[in-house]
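Asker: Here is the input, now give the coordinates:
(chains A, B, C and D)
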There are 4 protein chains.
Amino acid sequence: MPSKGRVCLAYSGGLDTSTILRWCINEGYEVVAFCANVGQEEDWEAVEKKALALGAERMVIQDLQKEFVDEIVFRAIQCNAIFEDRYLLGTSLARPIIARAQVRVAKQYNCDILSHGCTGKGNDQVRFELAWKALAPGVKVLAPWRIPEFIQKFQGRNDLLAYAKEQGIPVSSTPKAPWSMDENLVHCSYEAGILEKPDLTPPKELWKMTVDPLDAPDKPYHFTIHFEKGIPTKIETEDGKVVTESLALFKLLNKIGHDNGVGRVDLVENRFIGLKSRGCYDTPGLTIARLAHLDLEGLVLDGKVRELRDQFVSLSWSRQLYNGMYFSPEREFVENSIIFSQENVNGLVRMMVYKGAAYVVGRSSETSNLYSEEDASMDSLETFSPQDATGFININAIRLQKFGEAKMAAGKPLDA
Amino acid sequence: MPSKGRVCLAYSGGLDTSTILRWCINEGYEVVAFCANVGQEEDWEAVEKKALALGAERMVIQDLQKEFVDEIVFRAIQCNAIFEDRYLLGTSLARPIIARAQVRVAKQYNCDILSHGCTGKGNDQVRFELAWKALAPGVKVLAPWRIPEFIQKFQGRNDLLAYAKEQGIPVSSTPKAPWSMDENLVHCSYEAGILEKPDLTPPKELWKMTVDPLDAPDKPYHFTIHFEKGIPTKIETEDGKVVTESLALFKLLNKIGHDNGVGRVDLVENRFIGLKSRGCYDTPGLTIARLAHLDLEGLVLDGKVRELRDQFVSLSWSRQLYNGMYFSPEREFVENSIIFSQENVNGLVRMMVYKGAAYVVGRSSETSNLYSEEDASMDSLETFSPQDATGFININAIRLQKFGEAKMAAGKPLDA
Amino acid sequence: MPSKGRVCLAYSGGLDTSTILRWCINEGYEVVAFCANVGQEEDWEAVEKKALALGAERMVIQDLQKEFVDEIVFRAIQCNAIFEDRYLLGTSLARPIIARAQVRVAKQYNCDILSHGCTGKGNDQVRFELAWKALAPGVKVLAPWRIPEFIQKFQGRNDLLAYAKEQGIPVSSTPKAPWSMDENLVHCSYEAGILEKPDLTPPKELWKMTVDPLDAPDKPYHFTIHFEKGIPTKIETEDGKVVTESLALFKLLNKIGHDNGVGRVDLVENRFIGLKSRGCYDTPGLTIARLAHLDLEGLVLDGKVRELRDQFVSLSWSRQLYNGMYFSPEREFVENSIIFSQENVNGLVRMMVYKGAAYVVGRSSETSNLYSEEDASMDSLETFSPQDATGFININAIRLQKFGEAKMAAGKPLDA
Amino acid sequence: MPSKGRVCLAYSGGLDTSTILRWCINEGYEVVAFCANVGQEEDWEAVEKKALALGAERMVIQDLQKEFVDEIVFRAIQCNAIFEDRYLLGTSLARPIIARAQVRVAKQYNCDILSHGCTGKGNDQVRFELAWKALAPGVKVLAPWRIPEFIQKFQGRNDLLAYAKEQGIPVSSTPKAPWSMDENLVHCSYEAGILEKPDLTPPKELWKMTVDPLDAPDKPYHFTIHFEKGIPTKIETEDGKVVTESLALFKLLNKIGHDNGVGRVDLVENRFIGLKSRGCYDTPGLTIARLAHLDLEGLVLDGKVRELRDQFVSLSWSRQLYNGMYFSPEREFVENSIIFSQENVNGLVRMMVYKGAAYVVGRSSETSNLYSEEDASMDSLETFSPQDATGFININAIRLQKFGEAKMAAGKPLDA
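Answerer: Okay, the predicted model is just below:
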C-alpha cells in the first residue's frame, strides 16, 4: 500500500494520541511523532519507546522550556496578560511554541501533514492549526477528532480501550483521573469529566502544581523579584537563594508558588468557538510574577501610558493568545507596543506568600522611579502650588456645571 | 462684623477640620458643620459636641450608609469596578454620596459656601468640588488648604496643635498614627506619613478593617452569595446566617472578609492630578463580592457582551469614579450600559475564605445559565458538528496564511 | 418522489436565483420564493410571474421599506455608522430586515429550510445565515453555492445560461453588466467582475443612485434637516418641500443626493471572512443625513459622551452590522447605549449640496444647545475666570514636566 | 529700573501681540520676539521692523515649514488623524513645532520667561504651555490674557486701539475681519467674532486657502500620490508635474486642493477646557492626502491591524495633539504603534478633485498588496473551499442560536 502521506503527529504518550498514532498507521500514513517538553512532568523514555512500538518512524522530543519562558511567558508578564479578568492563559501561552517546533520537525522529516489529538469543540485545535497555517501556509491538517469515521469508531473511552487491547497499545495501569489535564511550565489545567458540572467543587487531589493552601506552611515566605524592561531578571529569597537565569528563575517562582498554594482559579470561560467551558487552573509562578510586575508599574510607568496600555494592549494580546492568533500581524502590532511600554520598567519588588495568597510588601527603582516623596507629600509644597488645583477643578467643572444646570432646567436636579 | 457668608463645612471632628471650623469663624463666616455617616467608626455625640463647642451654628450628622450601598457600592459590584487593576475605589465610591448630602444640607440651612478639609494635592478635593459644582452650579467653594494665608499659617502639625491650644480646641489624647486614614463601609485607606516611602512595609497594626491573614482562623469559612441582576441579594453562611437586606448583607460580607484577612492591597497609583501616590487599602466585603460577581458572569453573561463591557464600561466607570466625575453625563451614559448588561446576571456563587484569600468553589443559575454540560462536553456531539470547526479554522486562517506567505517572501519566515 | 423538504428561497428574479429555484425543484424540494422590497428598482409582477413559471409554489413579495428605515437606517444615523472610515454599510443594513421577514414567511408556509443565492466567499451568506440561526434556532440552511455538486455543475455564467436554455428559464435580453449590484433604499453596491481589478476606475455608467458630479446642477441646493433624539423628523427644502414621514423623508434625501451626485465611494475593504474585496457604493441620502447628524451632535452632545460613543459604540455597532451580528446580545447591548446617547440630540441643520459634495451651512437647537456664545466668546469673561486656565494647565503639566526631566536626565532632551 | 526678566514672546505682528510686546516692555521686561514661519502668508520684513520699533531686543524668525511637514503633518497622514470625525487638526499640528523652536530661541538668548498672546478660554494656551513645560521644565510663563490687570486694561478691541495710538503702535489700515484666523501650511482656521453664532453661514470671502467650490474649474483634475511606509513620496499630475521633496509635495497638494475648493469644514467642537466652540477650517492638501492614505490602507493593511489601529491609535494620537499633549509619554507610546503599522503601506493612489470634493479613482501596490483578484473573485475557487464558510458560519452562530433560544424562552422571540 502506498503511503497516504507523512504525518507529523503531536504525540503525548496518552491513550488518545496513541490511538491516533496507530490509527494513522493503519490508515496508511507514515508517522513522525513529536512531543514538546514545555515543562510538563513526563517519562520521556517511556514516551519514545511507546511511540516507536506503535509504529512511529521516529519520536522527536524537544526541550522548548527556555524559549517558552523567554519568548512568551516573559511577554505575558510584561503586559500583565489575563483573559476575562482571571485566567492567566497557561495553555494558550505554550501552544505557539509547540506549534512552531512541530512545523520545524515536519519540515525536517519531510512530513506534508500535521496532526493533533485535540477535540473538535475546544480552543486547542484552533490554536494549533492557526499557528501551523501561518507558519507553513498550504500545510495539510489531519484532525481525527473531526473526521466522521474516526468519531464514529471511537465514541467513548471504552472504544479507545477496546482498540488499545486489539492493537496492543499499552495502557497505563493508573486509573485515569475523571477530568483531563494539560500541564506545562506555567500551569496545569483541569477540565472536562466531572468538572463539566460548574457547581462541583474540584476535589482536593485535583491540583497538581500547588499544595492546598490549608496545607501550606504556617509562616510567610519572603523574596524579592528584580525587573529590567518589565522582565524578571533576578530572584532573591529569604533563605539566600539567588537566581538569574530565566528558566531557573521561573521554576523558582513556580516552586515558591507551589509550596505556598498560590495561583488557583476555578472559573467558567468563553471559548473562541462560542461555547462556555469550565476550567480550573493552578498557575503558581506566573501569578506571583504578574502581581509583582503590576506593582512595579505603579512606581515607574506613566499613568496615561498605563491607561492606554491596559485598555488596548493587555486585553488585545491576551485575547489574541487565547484565540490562537499568535502568528498574526495584529499580535506583532500589539507586541511592538508592549516592548515600547516596558523601556523603563526597572526596579525590584519585595514579595511575601502565605497560605494561598501573594502580597507585595515594598517596591523601589533606582533608575526609573516616577514617584517622588517630595511631590506626593501632603506636607511639602516645594514643587506644587495648591492654587493650581483650584483652576484645574474649575475648568474640569465647566461641563459638569452645564450638565447640572440642564438637569435642573429639565426638572430633574442631580441632588433629587 | 457682618458675616462673610454661611459655610457648610464637611467636618470630621479631627484636628484638621476642627482647626478649619474655628478659623472660619474667626474669619467671619457662619458655619454649619456636616458629617456623613458612611460606615466609619465614630463617636457621633462627641463629634457634635466638639463642633458646637468650636462655634458651629449646628452639627448635621446623616446616616448615608444604605444609599451608599444601594446606589454606588452595588453598582461597583455590577461592573467589577477596579482602578489600575488593583484598587477597588473605596474612597472614590463614597464621595458622591457625601457630596450630595452636603449640598442638600447647605441648601436647607441657606449656606452659599461649601468647604472641605482636603489637601491641595489629592484626589478628594477634586471629587468633592466637581460633585458640588454639578449638583449646585454656581456654589462657592472654600478650600482652606489651597488658600495661601491659611497654608502659611499652618505649615505643619505643630502649627495646628499650637492653634488648638490657643483656641481651646480639644485634641485627642491618643497619639496620631503616622499616616492618614479614610474609613467607610467599603474600605479603610492608609496613606501619607511614613507610607510616603513606597518601599516601607506597612506595620502590622496599620490595618483596621481586616485581621492579619496570619492571625485569621485556621480553617476555611464557607458561604453563598445570591445575585439578581448583578446585585447581591442574599448571603447564606455555613453557620446558618441568612441575610437579605442590602446594608446588613454588605456588613456581613465585611465581617467575613475582616475575620479572614481578605482584601488587603498596597500599591502606588496615579492620581488624577498627575502625581503618583502610595496607598494601602483593606476592602474586605467588596473584594469578596467582586470575585463572586465576576465568577457568576462567567456562567450567565454572553462572551462578546463581556468583552465589550470589560474594555469600555468597567474601565470607564472606574476611572470616572476615581476622577470625581460621578455627576457627569458620561457616567450616566456608561451606567446605562452597566444596568443593561446585568439583566440576566442571576444565580448564586459558593465561596470560601481562608487566611487572606477568597475562593469560588461553585456557581449555578436556575434562570440564566448560558453554560450547557451537553454543549461543553467533549464526549457529546448531539448539538455540535465537529466538522464545522474545520471551516471555522480555515476561514480564520485566511489572513494568517497570507501573513505567513508575506513573511516568507520577505525572507523572514515565521518559523525562523 | 417524496419531497426533500420545503425551502423558502430568497429569490430576486435574476439568473442565479432562478437557476437555484429550478435546481431545487429538480432536486426534489418544494420552494416558496421570497423577495423583500427594500427599495430596489424592480418589476415585481415580472418577478412573481417568473418564479411561478419556474415552479415555485408561491412567490411572496413584502414591502419592508418602512421598517428598514425606521428600525435600522435611522439607527445607523443615530450612531454615525461607518465601516473602515468610509463604507456606510448599505447592504449590511438591509440584511437583518430581509432575513427576519424571510424567517416569518418560512414559518407561515411551513418551510423547514432557508436558502439564498449568495456566494461562498462573501459577507452576505454570513449575514443571512447568522440572522436565520438566531431568529429560528435549528433551521436548516441550503446554500447551493457551497454545495460541491452545484458548484461543479455551474462553473461560470455560461453553465448558467446553458441550464437556463435547457430548463426554459427566461433570461433578460439586456446584457448583464460586467459587475454585480445590490440595490436598496440606502445604496447601490457594485463589485466583482471588472471591478476586481482595484486600479480600474469604475465606468461612468456604473453608478445607479447618483448622477455624475460633473453632470449635477451648476448651482447649490439648500435644505434643512430637523432631528429629534438623533432621528431625522422633517426636511424642508429651498423649493418649499416639507416632508415628515420617515420613508418619504429618507427618499427625499436620496433624491437630493442623487440629483447632486453625493455619496460615491470606491474602496478596498476587509470582509468578515478575511479576504480583501473591492467595492463601489453610492449612498446619497445616508451620506447627507450622517453628516447633518454628526454636525448637530457637535452642538448638543457632551464632549466626553461623544468621545466614549465614538470609540466604542459607533465602531462596535458598525462592525456588528457588517459581520452579520445584528441579532446578537452584543448588538442589543450597544444599541441600548446609542439610544441613551441621543436623548438630547434635538435641533436642525441647514445643508447645501453641490456637484458631488454636501456641506453644513448652519445648525441650531432650541432645547438642547450645549453651546453658549457667552461662554465661547473670547471677549466675554462673565462666566469664566481665565486664571483658572493657569491652574488647569499647570496641573496637566505635572506629568509632562517629569517626562521632560527624565528625558534630559537620559541625555535625550525633548527639544533636541 | 532693573529688568523683571527676559521674555521670549510668540509675536505675530498683529495688534494683540504688538500690544503685549509693548506692555511687557513698559512693565519692565526685556523682550526677544519670536515668530515661526509654518507656512502662513506674511510680510516677514514688516514683522521684524515692527517688533524692533516697539522695543524688542531682537526679532527671531525661523522657517519651520519642512520640519512641520516631515515630523508632524506626515505622521497625521500616517494615522489618518481626525478630531471628532471632522476636524483635521491643522492648528494643533503646528503648535508643537512652534513651541519647540521658541524654547530653543529662549535658551539661545537667555530668556527665562516664555509668553504668548493666546486667550484664556482657548486650546492654544494649553498647547503652548504644556509643550514649553515638557521641553523646559521649570520655565516661567507669562500669559497676559490671564493676568487680571491686563484683562482689566484691555477689555475690548477699542482699548487695544487706544493703547496703540498712545504708544505709537502701527495699526494695519486694512479693517480687521470680524473673526480671527490662524493660518499655517495645513489649514486656515476661522473662529470667534461673527462665527460665534453657530447658525451663521460663513461669508463667501472668509475662506483663504480654498476657492469657493462654485468658482472651481468646471473639469476634474487628476493626479497620483505615491506612498512609502504611509508617507507621501511623490505626486504626479495630469499636466506633467512630478514632485518628490516633502515640503514642495505638500504645497502642491495644497495648491490642487485650493484650486478645486477641497477641504472646507464648518463645525462645533469640544475644546479641551470643556467649552464648545465653533470653527471653520479649510485644509486642502491634508484632506486629499488623508483620503488617499486611507484608501491605500484598504489594499495593503491587514484588517485586524487596521481595526485596532482605528480604535486606539488614530483616536488617541488625534486627541493628544488636540489637547496639547504632543511632548508626552503617551504620544510617544502611540506614535511607536503608528510607525510600526505603516511598514507595508507602500503603493500609489490615483485621485481626482472636482468642485469641492476629492475622489479616489484607483489604487495599486507592487510590493505590499494584500488583495488578490484570484482570492476575491467570486468565480475562482482555486484558493478557497466554500464549504469552509459553512463551518465558519455555524461556529459563529453558536452563541446567536443560544441567544435566540433564550429570547424565545422569555417569550420575546427575535422575529416578533
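
Asker: ok now do A:Val305, which residues does it touch?
Answerer: Taking Cβ atoms under 8 Å, 6 or more residues apart in numbering or on different chains, we find A:Val305 in contact with A:Ser341, D:Pro329, D:Glu330, D:Phe333. The way it works is simple: take the backbone N, C-alpha and C, and place the C-beta from them, glycine included.

Asker: Which residues of the stretch 151-300 of chain A lie near chain B?
Answerer: Residues of the stretch 151-300 of chain A found near chain B (Cβ under 8 Å from any Cβ of the partner chain) are A:151, A:156, A:180, A:192, A:196-201, A:213-214, A:219-220, A:264, A:266-270, A:273-278, A:294-295, A:298-299.

Asker: and the residue in chain A positioned nearest to chain C, helix, strand or coil?
Answerer: As assessed by Cβ to the nearest Cβ, chain C sits closest to A:Gly391 within chain A, at 2.0 Å. Three-state assignment for A:Gly391 (DSSP: H, G, I helix; E, B strand; the rest coil): helix.

Asker: low-confidence ranges in the stretch 301-416 of chain A?
Answerer: For the stretch 301-416 of chain A, the stretches flagged by pLDDT under 70 are A:378-383.

Asker: what about the strands in it?
Answerer: Under the criterion DSSP state E, counting those that start in this stretch, the stretch 301-416 of chain A contains strands at A:347-354, A:357-364.

Asker: and the gap between the residue nearest to A:Glu307 when sequence neighbours are not counted and B:Leu294?
Answerer: Nearest residue to A:Glu307 in three dimensions, chain neighbours excluded: B:Arg319, at 7.5 Å (Cβ to Cβ, 6 or more residues apart in numbering or on different chains). In this view, B:Arg319 and B:Leu294 are 19 Å apart by Cβ to Cβ, to the nearest Å.

Asker: again, but for A:His222
Answerer: Counting by Cβ to Cβ, the gap from A:His222 to B:Leu294 is 29 Å.

Asker: for the host helix or strand of A:Trp132, packing partners?
Answerer: Secondary structure assignment for A:Trp132, by DSSP states H and E: helix A:124-135. On a contact count with 3 or more Cβ pairs under 8 Å, 6 or more residues apart in numbering or on different chains; DSSP states H and E, helix A:124-135 meets helix A:90-108, strand A:140-142, helix B:386-409.

Asker: I'd like those laid out as JSON lines, including mean neighbour count.
Answerer: Listed next are the helices and strands packed on helix A:124-135 as JSON lines, based on neighbours: other Cβ atoms under 10 Å in any protein chain shown:
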{"stretch": "helix A:90-108", "mean neighbour count": "24"}
{"stretch": "strand A:140-142", "mean neighbour count": "17"}
{"stretch": "helix B:386-409", "mean neighbour count": "22"}
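
Asker: shouldn't A:Phe128 be in contact with A:Gly117?
Answerer: No - A:Phe128 is beyond contact range of A:Gly117, at 9.9 Å (criterion: Cβ atoms under 8 Å).

Asker: Those two: which has the busier surroundings?
Answerer: A:Phe128 (25 against 22; other Cβ atoms under 10 Å in any protein chain shown).

Asker: For the stretch 301-416 of chain A, what lies in contact range of chain C?
Answerer: When proximity is defined as Cβ under 8 Å from any Cβ, the stretch 301-416 of chain A approaches chain C at A:302-304, A:344, A:370, A:375, A:384-385, A:387-396, A:398-399, A:402-403, A:406.
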